[in-house]
Structure formats: structure tokens, C-alpha cells
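> no sequence on this one, just coordinates:
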């Protein structure tokens, strides 16, 4: 064996260890313990499928309450954490020590305590006995140790600090002091209710996240991961810097089904990084491209790691709404990364790999692309409106008819795939790499798209719950993974039915095991983050933190956003993305909303949660702890710190987006029409490409410093035109508070007024804030005020809230007795903010003209 082969083998082992230690557990015991570990992991997957299915309710057997399901879910996670993750680096990897068996059994018992003693606990709510407290203390300690093993010390330390803070409240200094909680009270809150460990985060992990992670694992085991990589390479590999562009697209498609940035780096990077280096990318830049694209997989709907499902619970909006708000920034970010790669290739004069496709004129490529796009749109419309017409006709038989049609389409796609050669796994260490042809590559794996379509259909059209949607998509995926081999072999005329079914069942087994092992860290993280959330709700530290942050930021919203971004990055250096999001959103999201209201910027809650989430993801990139960067450096052979800084440089677009959509919620498609959404997408994409060109210092040619500044100004104007328009013309006119009733009668129905209100906070201290007042229906201002459910006392030009009807719109908006309305701001007619785009594009055209002249002049000099 050559030295290169040995080095490659060693690197592969290191990469496997890195992924295992961070995602699935580094321990691989042999013999009976190993089989038991795999069996319990598979049993966890089967349990999650069972509770997500309609079968328990149909058979009236095995029905678990939400709390019971969370308890069993945590028991599985804790048991597998002690079985799969060694206690120390020097601990054995090929066997499970006796003490770990004992700890695993004890942790599982503590985790399952809520399930096993559910009836007894329900009979003594809030009054734990000594046995409950002993189990709770042991459970928390064992959970913290499992957290240290699976996720490292940082999350364990943070959770421990919050526990100590809960108990030692009276001894805390200054504003941090609180009355404290007893040990019995702490255990009751954290372990015996759904306020702490068994709270919303663990509930989301139980109900939704597991099924999506399992779905992704099965899809990968079926061959979809390799298919996505091959398709991306076949389409993009021959362009300038083609392997890097293929890496971005492949990682984006893999990110649809994977919640782990590190696993994404290793899965796609093993193939893409060597190809990038082959066409001229340095080891650090090749690794950085893979890191930037893989980490962004976590912001790509529909899975988004676990954050999409957590946002449903924390923000209080539907899953479809979360996906709608998150989709546009994620897509823009990926498009910009492809452009950054293109600019890198232009700067270095890099070429692509040799294409295997027969040459085609440009017009045929464009016509082919548009034809394919049109066909997809026609099929989507036929399916959507066809089913809409058939559902009333078929009634209860509709699901069975759809299942038959879906099966027929699946078999038809396998018939098509059988006419092309199978996709093989390439060896990235081989010196010659030939790009696969596009058509055969695309056609051989179209069946992998069907479960994704089914998932999106159930979520977006049928409006099923995320858990039930993932269940049906997973069941379809199980059918595919078991049957695709024998059916395809049958069409190819070389069937060995028993062997093919055996291989399919083995793939299914591996998918069940991998899905469960991928969930260990997420299950542990959501449970431990629940300790922090529980401590916040029990001690009121969130309100204290709001005061501290306001003092540090001096009430400036931009400073608090920067403070939150830095805190997310710092916490994210040691926490997994899911835990980071839970912690920072619990601590700081309400603070941002509150300070925004006080400063006149009314920030939607979903925008704040996405802001926190984006910067939590950035921590996977950022040195010195960015694990994804270390994984990429292990693949590329580059320096991990340099790779991390380069990846952060590439990810500046991702860091800029949260600030932009906080101040311009059009980017999140909030309160925009379909046509407005299309315009926002086009303009925002152009703006992000301009921003990328500015940060890279290159567009048509290398930019001069003032050109980069001008490009940044153009990008900002396109992203947030309202900033400049507000400077030209104020969007509101101030009306004295005593004339609020007249203002309500004068403005158009369904428009909004902005009110500045003075009231009291939770501590009884005076606080001033802004709110939006939607104008209700009514013929006059008095009638509209009555429809709001509010009465005012107006004396000497002052307006005081005298009464708010229970359950009324005014009560929902936050109006309360004895508040004073300080100012009324009514909208005025003015030019729409989009007019600012015209001078921005003119300025952009000027920069383009300057760069083209300079490029042409340089080319002319070179010719001479």
C-alpha cells in the first residue's frame, strides 16, 4: 500500500471518528453488546413510528399521552448516550464497561419515571414525595453527565449554572437576587412537570424532529445522498470552478434531509473537496466552500435541523408559516454562495472539469431548461387541481386512489431508471475523475424525489401536522428502500429476489439504527436546554436579563442585536445549534421584541427567532471551535483555523441577512402578496449578489476600494429602501392623542395607526412603548373604537384607557386600564419605498461601467 493510500485510510478513520463523536457516538462494541446497542436504537425508531402513526388510535392499543411519550423518548436517548458515547477519550471504544451499563440503566429508569408512575404523579401535582425528589436529583445529574459525553462540557456547565442560580437566589448580588426555590420545588418544576426537562423542546424532539431525522437517514441509506452529489456534479462540474458550485448545490440538497452540518461536510466533502483542489482551489478555500454550503443546510427548509419545529411552538404560528418565512433568505444565501464561488474562479482563472455531455448550443440549453421547468409546473398544476377535483368525488377513497397512483408513478420511474446504468460510489483519491452525463444521472434516481414531494404535499396542501406528514413520507421511504432493488433488477432481467430483498431490509435496518443514533445528541440537547428554560420561568431571570441587556445596550436596538449575535456565536462555540437556539431565544428573543417596542421598531417574533437561529449556525463555522471547519480541514488537508476564517468570510452574507430581515420583514414574506413576493425575491437576490461582489472585492474585474463601498451602498438600498425613503419623507404624521377618535374615523379601514403608550411593566415601573393598532370596521371613529373593545377618557388633550373588554381585540393587542396614549401616528400618502431602487440601480450601472472600461483597457494593453 502506498503512503498516499495509507494517509487516505487514516484520514477516513479520523473523519469517521469526528462524525461519530459529534453525531452518532464513537463507541462500536462487538458481539452481543454491539447487537444490543443496534437493537435498542432500532427499537427507538420503531417506537417513534408507532406513536406518530394512526394505528394506536385505530387499534386502541399503545396510546401514550404527550408527557408519557416524552418520558420514553428521553429514556431511550439517555440509555443510548451512555452506551454509545465513552466517558473519556481513553475509555474503550470496542466494549461497554460495567459502570456504563449501570449508568445507562439508571438514567433510563429516571427518564422513564414520568411514564412508569404517571398515574401516581398525577394524583399529587406540585407535592413531590421523597422518592420523587431522589429520582429527580439522580435524573438531572445523569442527564448532565450524558450531555457532557454526547455534546461536550459547555451545555452541561451552563445548565448547572442555572440550577445553582435557582437554588442560590437569595445569595445573588444586586438585580440577580431572587427569593430562591427549595430542592423539592426545583425537582418538581424541572423533572415532574412539563416546565423544565420535559418541556416544549423535548416535546418537539419527540413529536417532529425524530421522524424528520429518521426520514433523512432512510433517504441517505437508499442512495439519495450519492444521487444528489452526482446530479450536482453532472450539471455544474464543467463550469468555471464547477466542483465548488456542485459542492454548494449538493450540500444544499443534502441539507434538505440532514440536520447535521458536520455530517454534511463529511458526506459531500469527501467527494467535492478533492475535485475543488483538482481544478485549482487551495485546500483552505476548498474546505471553506464545503463548510459554508454544509452549514447553510441547516437554514434550508423543510427541516432546518430542529429549529423549524421549535419555532412552531415558541412563536405560536403554523409550520407552513415558519417554512414560508424561512425559505427566501435561505435560497438567497445559497444563490449568493454559488456566485461567490464563481467570483473566486474568475479571480484565480480557474476552469471546470471535462464534461461528458455532448456539446449543445446555448439556445438548446435554455430551451431545454425552460421546457423542463414548464413541464414541472404543468405537472404540479395538474396534480393540485386534479386532486382538488377528485377529492369531493372520491370522498373517503381518495387516500387509497392517491396511494395507487403514487405506486404506479414509482414503478414507472423504476422502469425508466432500469434503462440506465446504476450510480456507483467514486473513489475521490483516484487521479482521474470523469463527470457523469447529466441525463442518465438524473433519470436513474428520480424515485428519491417522490417521498420529498409527498412530504411537502402533506405539509403544504393537506395541512397535516409535521409529525403525521413525516410519518407518511417515512413509510413511503421504507417501501422504496425495501422494493427498489428487486423491482429494478426485475426490469433489468437479472433478478435475484431473495438477495435483493435481503439487501433492502439491511438498508432499512441500517437506516433505523442511523436515524436513532443521529437523534441521541438532539434528544439530550433538547432535554438539557429545558433545564435552562425551566430556570428562566421559575426564577424570572428573563426579566432581570432584560434590564441588564438594556443597560449594556443603552436602549439602542442595534447594539442589542449585535450583543445577541455575539452571545449566540459565543454560546454556539460549545453548544449544538438546537440547544443554542433554545437557550438564546428563551433568554434574549423577548428582550429584543420588548426593546424594539420601546424604541419604535415593532419586530415580528418570527424575525427575532430566525435572527437568533442564524447566528447560532454561524458558530459551527467560527474559529476556534467551529467543528464543521475542523471536519472540512480533515478532508482537505488544510489548516483548520484558516479554513474557519475563510468559511466565515464566505458566510458574511449569512451574517448580514438577519440584520436585514429584522428591519425589512418583506424578506420574510410577511404581509406581502404573491406578486410582491416575486419582486422581493428578484431584487433581494440581486442585492445579495452585489453584496457578495463587494465583500469579495471583485465583480467584472478587481474592485477598487471606493467601488466596493458603492456596491455596499447599492446592496443596502435594494435590501432596505425604506431607510432612505423615511429620510426623504416621514411615513407618518403626528396627531395629538386627544384626537385619536377622529384619527380612527379618518383613516382607511384595514390600515394601521402607530401609538406610543405609557404604562407599567411587571414590576410596576413606568415604561413607554409603541404598538400597531389595526383599524377595525366601522362607520365612524366612535364605532371603530367600540369594535376594538376599548373605552377612553379624553381630558385636556390627554387620552387615557378607561376600560378594555375581556377577550376583545384591544385586550389581545395589549391595552390595559390606566394606560396613557402619548402620541398617535397616522399613515400619510407618499411615494412607495421601492422608488429608491431606481437610483440604486443607476449607481450600480455606474460601477459596472467603470469596471468594464477598466477591464477592456487592461485587455487592450495585454494585446499590445
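That came through fine. Since this is a predicted model, take the numbers as computed values, not measurements.
> tell me where the chain has strands.
Taking DSSP state E to define them, one finds strands in the chain at 732-735, 752-760, 766-774, 790-795, 798-804, 820-827.
> in JSON lines: those, plus distance to residue 784, mean pLDDT and mean neighbour count.
Where you see a C-beta, it was placed from the backbone N, CA and C, and this is true even at glycine. Conversion of those to JSON lines gives the following (distance: least, Cβ to Cβ, whole Å; pLDDT from 0 to 100; neighbours: other Cβ atoms under 10 Å):
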{"stretch": "strand 732-735", "distance to residue 784": "15", "mean pLDDT": "84", "mean neighbour count": "14"}
{"stretch": "strand 752-760", "distance to residue 784": "10", "mean pLDDT": "83", "mean neighbour count": "18"}
{"stretch": "strand 766-774", "distance to residue 784": "10", "mean pLDDT": "82", "mean neighbour count": "16"}
{"stretch": "strand 790-795", "distance to residue 784": "10", "mean pLDDT": "84", "mean neighbour count": "15"}
{"stretch": "strand 798-804", "distance to residue 784": "15", "mean pLDDT": "85", "mean neighbour count": "17"}
{"stretch": "strand 820-827", "distance to residue 784": "13", "mean pLDDT": "84", "mean neighbour count": "19"}
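> among those, which is nearest residue 202?
strand 766-774 (33.4 Å; Cβ to Cβ).
> returning to that earlier point: out of the strands of the chain, which is closest to residue 292?
strand 766-774 (37.1 Å).
> from the chain's centroid, how far away is that closest one?
Chain-centre distance of strand 766-774: 31 Å, with Cα atoms, centre = their mean, to the nearest Å.
> ok, that strand: who's next to it in the sheet?
The partner list of strand 766-774 in its sheet, established with DSSP bridges, is strand 752-760 (antiparallel).
> rewinding a little: quick one: which of the strands of the chain is nearest residue 159?
Closest to residue 159 of these, according to Cβ to Cβ: strand 766-774, at 31.4 Å.
> can you list contacts of the closest one?
594, 597-600, 602, 750, 752-761, 788, 809, 813-814, 822 (Cβ atoms under 8 Å, 6 or more residues apart in numbering).
> so what touches stretch 175-185?
Taking Cβ under 8 Å, 6+ apart as the rule, stretch 175-185 contacts 128, 133, 137, 165-172, 189, 538-541, 544, 547-548.
> before we move on, what about stretch 674-684?
Contacts to stretch 674-684, defined as Cβ under 8 Å, 6+ apart, come from residues 328, 331, 332, 666, 667, 669, 672, 718, 719, 834, 837.
> pLDDT at the second one, what is it?
What that stands for is residue 331. At residue 331, the model reports a pLDDT of 86.
> contacts only, for it.
With contacts defined as Cβ under 8 Å, 6+ apart, residue 331 is in contact with 300, 681.
> if the closest residue to residue 813 other than its chain neighbours is in a bridge, with which residues?
Sequence neighbours aside, residue 771 is the residue nearest to residue 813 in space, at 6.2 Å (criterion: Cβ to Cβ, 6 or more residues apart in numbering). For residue 771, the beta-bridge partners are residue 755 (DSSP bridges).
> how far away is residue 771 from residue 594?
Going from residue 771 to residue 594 by Cβ to Cβ, to the nearest Å gives 12 Å.
> can you show me the helices along the stretch 701-850 of the chain?
In the stretch 701-850 of the chain, the helices defined using DSSP state H, counting those that start in this stretch lie at 705-719, 721-728, 740-746, 781-788, 809-813, 837-863.
> show me which residues of stretch 745-753 are buried.
745, 747, 752, 753 (16 or more other Cβ atoms under 10 Å).
> widest-spaced pair of those residues?
Largest separation among these by Cβ to Cβ: 745 and 752, giving 14.8 Å.
> can you list the weak-confidence ranges in the stretch 251-400 of the chain?
Along the stretch 251-400 of the chain, segments meeting pLDDT under 70 span 255-260, 302-306, 353-373, 375-388, 390.
> can you give me the helices in it?
Secondary structure of the stretch 251-400 of the chain (DSSP H, counting those that start in this stretch): helices at 261-278, 283-295, 307-315, 319-348, 362-394, 398-417.
> by contact count, what packs against the last one?
With contacts defined as 3 or more Cβ pairs under 8 Å, 6 or more residues apart in numbering; DSSP states H and E, the secondary structure elements packing on helix 398-417 are helix 362-394, helix 449-456, helix 466-492.
> of the contacts of stretch 175-185, buried ones?
Buried among those by 16+ other Cβ under 10 Å: 128, 133, 137, 165-167, 169, 172, 189, 538-539, 541, 544.
> coming back round to it: residue 80: which of the helices of the stretch 251-400 of the chain is closest?
Nearest to residue 80 among the helices of the stretch 251-400 of the chain is helix 261-278 (17.1 Å), distances taken as Cβ to Cβ.
> all set now, cheers.
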